[in-house]
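In: generate a structure from the sequence data that follows.
(2 chains, ligands or ions: 3)
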Amino acid sequence: MTDSSRQRVALALAINGRRHRVTIEPSTTLLDLLRDELGLFGTKKGCDMGACGACTVLVDGRRINACLALAVMQEGRDVQTIEGLAEGEALHPLQQAFVEHDALQCGYCTPGQIMSALGLIGEGRATDAAGIAEQMSGNLCRCGAHPNIVAAIAAYAGA
Amino acid sequence: MMEAQYRAPGSVDEAVALMAGAGGKGRVLAGGTDLLVQMRAGMVAPGLIVDVKRIAEMTAISQIAGAWRVGAAVTGAEIHDHAGLKKAWPGVVEAINLIGSKQVQGRASAGGNLCNASPAADSVPALVAAGAIATVQGPNGRREVPVEQIPAGPGKTSLKPGEIVVSFTLPARPAGSGDAYLRLIPRTEMDIAVVGCGVNLTMKDGTCTAARVALGAVAPTVLLVEGAAKALVGSKLDDKAIEAAAAACRAACKPIDDKRGTIVYRTKIAGVLLKRAVAIAAERARSN
Ligand SMILES: Cc1cc2nc3c(=O)[nH]c(=O)nc-3n(C[C@H](O)[C@H](O)[C@H](O)COP(=O)(O)OP(=O)(O)OC[C@H]3O[C@@H](n4cnc5c(N)ncnc54)[C@H](O)[C@@H]3O)c2cc1C
Ligand code: FES
Ligand code: FES
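Out: Ligands and ions are numbered 1, 2, ... in the order given. As a prediction, this is how the structure comes out:
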């Protein structure tokens, strides 16, 4: 197919409170929109098939895998990514908790872990360590930092 | 990926017209947790993607005269948060909530789970045990189809070209009813069922007056095991009745051998899950 046969669609959405207007191909995932079109590289691409959670973002407060969502489906929605958390140089308290609990090694899974944890806390399900571990099972850490990740989330959530 | 067109209609009529206009190249998109993975793997290349998430009828949960109507595109997360539906049909809700991680739950729908037609789809045995009826709309109008008639084999459905599943209706049933769904997987999450078993019971004065039993992942499509239901109805759910129902489940199995489980193992597990699911459904029926 030639380029002229490609449909491009206009899309308006809010990312970290800022409104964006973009024109994209309908098959662009939310993850590719964030990274390739908007230069927001904080959201990571691990498996690109829903299995690892590295691409977790919040859409209207709910955690989803950005690799399994088309960008065009987010028309009018409110997307939150890791870039929206810190206030200038001041880390978000959950980011601070990850630092204090040594909840990462390479850090590749970390943005997804933190966004997923914020989603989990929003769901009101961060009640104890075992529950947090279960509810975070969609976020893999190949460095094996899971125990410290759970500890950081528990500390922040007061569980 | 591929160069598909994208449309997000606001009504079922419009969606059906778009599918008809796409001449067999249209694909419904609900949560996309199967479709996007398959598109990226080059397994499917739709010319038109019809996003049904903006259709009110397909994304709503409502109660009509004791029956529950669940839009085919409602997400697992929304179903999880619905107290009324959870109380009435805990087995259906827990089956849908077994699909994937919490992130997948934020998108995945029961309609997509059914229409993707995996023999191991978790929500399907629970819907079949519940006696759920799918409302289907296509170029020739609407029809009502029992859920068990929709899967036609791995990756295949009996839907006619251009047909869309609009919603599921879970029937009203008497007090003293309960349902349950259990699956066996090697991990606790993010894996595919080796066997899944849905059970739906009505109890009156300690006697089982109605039952439906369905098995997943033990045949090319979900199985409604009428022999198991017959063994339970009229009994007090005593050991003999439950063993007869388990035997009917084992006899119904036509599983494959694969890395997740051998034929012998899957068959044995079907009986074990039946017993455990009956126990849970009966307990719920007593307190309902
Ligand atoms: C990491 C991961 C883990 C998973 N774990 C599980 C699991 O544990 N158990 C399980 O059963 N599944 C699992 N799945 C598979 C998938 O999430 C489910 O099958 C899900 O229910 C699909 O729903 P969806 O809304 O995302 O469907 P989509 O991907 O949007 O659609 C799936 C298919 O159905 C068609 N379709 C969708 N809705 C309709 C409709 N209303 N009418 C007609 N056709 C329609 C689409 O065209 C497509 O062919 C997993 C997937 C991932 C990525
Ligand atoms: S990159 Fe999205 S889940 Fe792995
Ligand atoms: S810190 Fe390396 S993958 Fe989690």
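
In: gap between the two ends of stretch B:140-150?
Out: Distance between the two ends of stretch B:140-150: 17 Å, counting by CA to CA, to the nearest Å.

In: is ligand 1 contacted by that stretch?
Out: No - if you take CB under 6 Å from any ligand atom as the test, stretch B:140-150 misses ligand 1, and the best it gets is 9.2 Å. Where you see a C-beta, it was placed from the backbone N, CA and C, and this is true even at glycine.

In: so for that stretch, mean pLDDT?
Out: Averaged across stretch B:140-150, the pLDDT comes to 98.

In: pLDDT score for B:E3?
Out: In this model, B:E3 carries a pLDDT of 69.

In: ok, the residue of chain B found nearest chain A to A:R35 distance?
Out: Here chain B gets closest to chain A at one residue, B:S101, 2.3 Å apart by CB to the nearest CB. Using CB to CB, to the nearest Å, B:S101 is found at 21 Å from A:R35.

In: repeat for A:D128
Out: In terms of CB to CB, A:D128 sits 35 Å off from A:R35.

In: so between the two, which is more surrounded?
Out: Shown here are A:D128 and A:R35; by other CB atoms under 10 Å in any protein chain shown, A:R35 has more neighbours (18 against 12).

In: show me the contacts for the more buried one.
Out: Residues near A:R35 by CB atoms under 8 Å, 6 or more residues apart in numbering or on different chains: A:41, A:43, A:45.

In: so it sits in a helix?
Out: Yes - the assignment for A:R35 is a helix, going by DSSP: H, G, I helix; E, B strand; the rest coil.

In: chain neighbours aside, what residue packs nearest to the residue of chain A found nearest chain B?
Out: Taking CB to the nearest CB as the measure, the point where chain A comes nearest chain B is A:G138, at 2.3 Å. Nearest non-adjacent residue to A:G138, counting by CB to CB, 6 or more residues apart in numbering or on different chains: B:S101, 2.3 Å away.

In: what segments of chain A are strands?
Out: Using DSSP state E, the strands of chain A run over A:9-15, A:18-24, A:56-59, A:62-65, A:78-80.

In: what is the neighbour count of the residue in the stretch 1-150 of chain B positioned nearest to ligand 2?
Out: Here the stretch 1-150 of chain B gets closest to ligand 2 at one residue, B:Q103, 7.0 Å apart by CB to the nearest ligand atom. By other CB under 10 Å, the residues close to B:Q103 number 30.

In: okay, domains of the chain per the record?
Out: Picking chain A for this. Domains of chain A are assigned by automatic domain parsing as A:4-84, A:93-157.

In: wait, chain B was what I had in mind.
Out: According to automatic domain parsing, the domains of chain B span B:1-51, B:177-286.

In: now these in JSON lines, with distance to ligand 1 and mean neighbour count?
Out: What follows is those, written out as JSON lines (distance: least, CB to the nearest ligand atom, whole Å; neighbours: other CB atoms under 10 Å in any protein chain shown):
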{"stretch": "domain B:1-51", "distance to ligand 1": "3", "mean neighbour count": "19"}
{"stretch": "domain B:177-286", "distance to ligand 1": "5", "mean neighbour count": "20"}
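
In: ok, which of the strands of chain A comes nearest ligand 2?
Out: strand A:62-65 (4.2 Å).

In: using CSV, write down the CA coordinates of that closest one.
Out: Provided in CSV are the C-alpha atoms of strand A:62-65 (Å, rounded to 0.1, in the frame of the first residue of the first chain):
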residue,chain,number,x,y,z
ARG,A,62,-7.3,2.7,35.7
ARG,A,63,-4.1,0.9,35.0
ILE,A,64,-3.7,-0.6,31.6
ASN,A,65,-1.0,-2.0,29.4
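
In: how far does it sit from its chain's centre?
Out: Chain-centre distance of strand A:62-65: 7 Å, with CA atoms, centre = their mean, to the nearest Å.

In: many thanks, I have nothing further to ask.
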